[in-house]
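> Provide a 3D model corresponding to the input given below.
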Amino acid sequence: MAADGVLPVGVSAQGADMTAAGVAAVHQPRITVPYVIAYSDELVADPICFVPDRWNHLKLSYQAAKPGDWVDGVLRARVRTKRKGQPQWRKLNTRRQWLCMARLWCQVCGKPARDERGRFPWIMTEKVFRWDEEQPGTIITNAPPTCWTCIPDALASCPQLEDSSTTVYTAGGALPVGVLGDVYRPWAAVALRNVEMRFTDTSLLPYVLAHQLIVRVFDLRSVAA
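Numbering: from 1, shown residues only. Just a heads-up that it's a prediction; the model follows:
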């Protein structure tokens, strides 16, 4: 992915080689499970159903509903947060991913990602960063930022970051715009999986079980800027 004025990763704000290949050649990563990764004992399979809302329209709900189930007008998937069991490397813990996106915490260590310049380092790949069709020229993502301290480990140890499209930017901030989730429709027996849904889509949002928060990233700059 490329954008006007945004360069592929090469030199960090501290002057170090931040390419995935360069880091892997000189850096031995710590064996650590990123903060956002789900664990086997955190998975929850509580039953869901459709219930009428206050206007008598159907919405998705857990059968034993709790006030905290809905966030930003959407039903958020329940998960535990104790980090017990085996790491599920292909799954993210919904609560921790949501916190990292909303508060701009580092996805690896779970601490604030904001640097001394007030900016947020972000490792970007074509798989999880895409142009926002609703607001041309901006980018949306479901991948949280990564602090400068954790970037070398992330680049050296994560197979998904070995792609040549991997780049490092800093951002001025981010705003939540929607979710990734499963759409359950009263008239269909099969759910639509991993659908991107905006908060403005009020017609389908009540039918969504959200798993990840999506943000619009703004004021992007190359790491050399």
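> in this structure, which helix has the most residues?
Criterion DSSP state H: the longest helix present in the chain is helix 94-103.
> What's the mean pLDDT across that helix?
The pLDDT scores in helix 94-103 average 98.
> List the contacts of the residue of the chain lying at maximal distance from its centre.
Computed with CA atoms, centre = their mean, the residue of the chain farthest from its C-alpha average is residue 56, at 32.9 Å. Listed by CB atoms under 8 Å, 6 or more residues apart in numbering, the contact set of residue 56 is empty. In this view, the C-beta of every residue, glycine as well, is placed from N, C-alpha and C.
> Doesn't it belong to a helix?
No - with DSSP: H, G, I helix; E, B strand; the rest coil as the criterion, residue 56 is coil rather than part of a helix.
> and the closest residue to residue 34 other than its chain neighbours, helix, strand or coil?
Spatial nearest neighbour of residue 34, chain neighbours left out: residue 108 (4.6 Å); criterion: CB to CB, 6 or more residues apart in numbering. Three-state call for residue 108 (three-state DSSP): coil.
> I'd assumed residue 32 was in contact with residue 108.
Yes - at 7.2 Å, residue 108 counts as touching residue 32 under the criterion of CB atoms under 8 Å.
> These two: which has the busier surroundings?
Comparing residue 108 with residue 32 by other CB atoms under 10 Å, the one with more neighbours is residue 108, at 27 against 13.
> Could you report the pLDDT at that one?
pLDDT, residue 108: 95.
> roughly how far apart are it and residue 56?
Plainly put, residue 108 is 46 Å away from residue 56 if you go by CB to CB, to the nearest Å.
> which residues do residue 108 and residue 32 both contact?
residue 153.
> got any ranges where this structure has weak pLDDT?
Scanning the chain for pLDDT under 70 picks out 1-31, 159-165, 224-225.
> what about residue 198, how many neighbours?
15.
> quick one, what contacts it?
Counted by CB under 8 Å, 6+ apart, residue 198 has contacts 134, 177-178.
> Format the residues you listed as TSV; extra columns: distance to residue 52.
Formatted as TSV, the contacts of residue 198 follow (distance: CB to CB, whole Å):
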residue	distance to residue 52
134	30
177	28
178	24
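> Selecting buried members of those residues in ChimeraX, what would you type?
In ChimeraX syntax, the buried subset of the contacts of residue 198 is picked out as below (16 or more other CB atoms under 10 Å):
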select :177,178
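> can you list the contacts of residue 198 in a markdown table and add distance to residue 60 and secondary structure?
Putting the contacts of residue 198 into a markdown table (distance: CB to CB, whole Å; DSSP: H, G, I helix; E, B strand; the rest coil) gives the following:
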| residue | distance to residue 60 | secondary structure |
| --- | --- | --- |
| 134 | 24 | coil |
| 177 | 20 | strand |
| 178 | 16 | strand |
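> So which residues of the chain form helices?
Using DSSP H, helices in the chain cover 20-26, 94-103, 151-157.
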